[in-house]
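**Student:** next comes the sequence, and after it the predicted model I'd like to discuss.
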Amino acid sequence: MALPKNIKEFILNYPALSLIGNTAMVKLDIPMHSNSIDLFAKCEHLNPGGSIKDRPVLRMLVEAILSGDLTKDKTILDATSGNAGISYAMIGAILGYKVKLIMPENASEERKKRILNHGASIVFTDPILGYDETLREVKKIYEESPETYFYCDQYSNKNNPLAHYETTAEELIEQNPYVTHFIGGVGTGGTISGVGKKLKEYNSEIKICSINFDEWPGIEGLKPLGEGHMIPEIYDTEITDQEVFVDIDDAYKMCKTLANKGIFIGQSSGAYVCGAKEISKSLEKGSIVTLFNDLGERYFSTGIWD
């Protein structure tokens, strides 16, 4: 299933939007447990907004425009750790909408600057209170003036996982029809839920794996899901077959290993590759696919490249 006809026709009116999706897949030169195990990554960092978030944000906003929920008199509003914020700001600029974003103050400076340079505004929340505080703040702002905003709510918007079901997973299957394992993580839960559902429909034997990690300092773009944390509404908790713990320092080291091989990606992507290596320890053969979520340049100010 590709994008619906009405969405395709809408996108044709804005040529820059056609750059989103249809990303390449690359086989990685990273040793696995066995020589009969291959690791592939779908290069979502090559989207024009620099991350996988371009896909769901495009789907959510176009659907809202076509349904009449998003009109020119309303400002697009949502919470973000950064990547979706860039997608909102970029796509909002292309379509001519105002954008207001709520995000933790400790988000990388590179993300903040790109958002602001697309013309969006930012309200910061205290990072000590965690990402859930950002979710509480965006709801508060919307409830104070619902007529002012279109609250996209990527954490409960069904078009988020649908974008990955219709496009990301379809492309993945076409590029690697022999996939045996998929590994990702949970931010909104949209990617792993949408991709996982499509892969299971394609072949119920494919294993859907998710990484887990220490809550602090955490991994930008991914959400802790332990006790006391909000679980995203769109996250299909039943889709995951296996959870793999990843040490954050190992994820940073993997980013540098990949950089030395010519691939410059962010920390969540490094964590996924670490997770894939861990999964491979229990396999004799297989074809593991993961995602490169975003660009490494987005994290110069965080110290991971020092």
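**Tutor:** Sure thing, it's come through. Numbering: from 1, shown residues only.
**Student:** the stretch 201-306 of the chain: strands as residue ranges?
**Tutor:** Assigned by DSSP state E, counting those that start in this stretch, the strands in the stretch 201-306 of the chain fall at 207-212, 242-245, 286-291.
**Student:** got those as CSV, with mean neighbour count and distance to Glu278 columns?
**Tutor:** C-betas here are computed from N, CA, C, even on glycine. Formatted as CSV, these follow (neighbours: other CB atoms under 10 Å; distance: least, CB to CB, whole Å):
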stretch, mean neighbour count, distance to Glu278
strand 207-212, 22, 9
strand 242-245, 14, 5
strand 286-291, 24, 11
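**Student:** which of those sits closest to Asn13?
**Tutor:** Proximity to Asn13 (CB to CB) singles out strand 286-291 among the strands of the stretch 201-306 of the chain, at 28.7 Å.
**Student:** tell me the mean pLDDT for the closest one?
**Tutor:** The predicted model assigns strand 286-291 a mean pLDDT of 98.
**Student:** stretch 101-116 too?
**Tutor:** Stretch 101-116 comes out at a mean pLDDT of 95.
**Student:** first to last residue in it, what's the distance?
**Tutor:** Start and end residues of stretch 101-116 are separated by 10 Å (CA to CA, to the nearest Å).
**Student:** tell me the buried residues in it?
**Tutor:** Neighbour-count burial for stretch 101-116 flags 101-104, 106-108, 110-112, 114-115 (criterion: 16 or more other CB atoms under 10 Å).
**Student:** can you pick out the most distant pair from these?
**Tutor:** Spanning the widest gap among the buried residues of stretch 101-116 are Ile102 and Glu110, at 18.4 Å by CB to CB.
**Student:** can you map out the helices along the protein?
**Tutor:** Listed from the start of the chain, the chain has helices (DSSP state H) covering 5-12, 54-67, 83-95, 109-117, 131-144, 159-163, 169-175, 190-202, 248-259, 267-280.
**Student:** out of those, which comes closest to Trp305?
**Tutor:** Closest among the helices of the chain, using CB to CB: helix 248-259, at 7.5 Å.
**Student:** can you mark which positions in the closest one are buried?
**Tutor:** Buried residues in helix 248-259 (16+ other CB under 10 Å): 248, 250-252, 254-255, 258.
**Student:** CSV for those, including pLDDT and distance to Leu19?
**Tutor:** Output for these, formatted as CSV (pLDDT from 0 to 100; distance: CB to CB, whole Å):
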residue, pLDDT, distance to Leu19
Ile248, 94, 32
Asp250, 96, 33
Ala251, 96, 28
Tyr252, 95, 30
Met254, 98, 28
Cys255, 97, 25
Leu258, 98, 24
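**Student:** quick one: which of those is nearest to Gly196?
**Tutor:** Distance to Gly196, by CB to CB, is smallest for Ala251 among the buried residues of helix 248-259, at 21.4 Å.
**Student:** isn't the closest one up against Lys277?
**Tutor:** No - using CB atoms under 8 Å, Ala251 makes no contact with Lys277, being 11.1 Å away.
**Student:** who are the contact partners of the closest residue to Glu297 other than its chain neighbours?
**Tutor:** Nearest residue to Glu297 in three dimensions, chain neighbours excluded: Glu110, at 6.5 Å (CB to CB, 6 or more residues apart in numbering). Counting by CB atoms under 8 Å, 6 or more residues apart in numbering, Glu110 touches 297-301.
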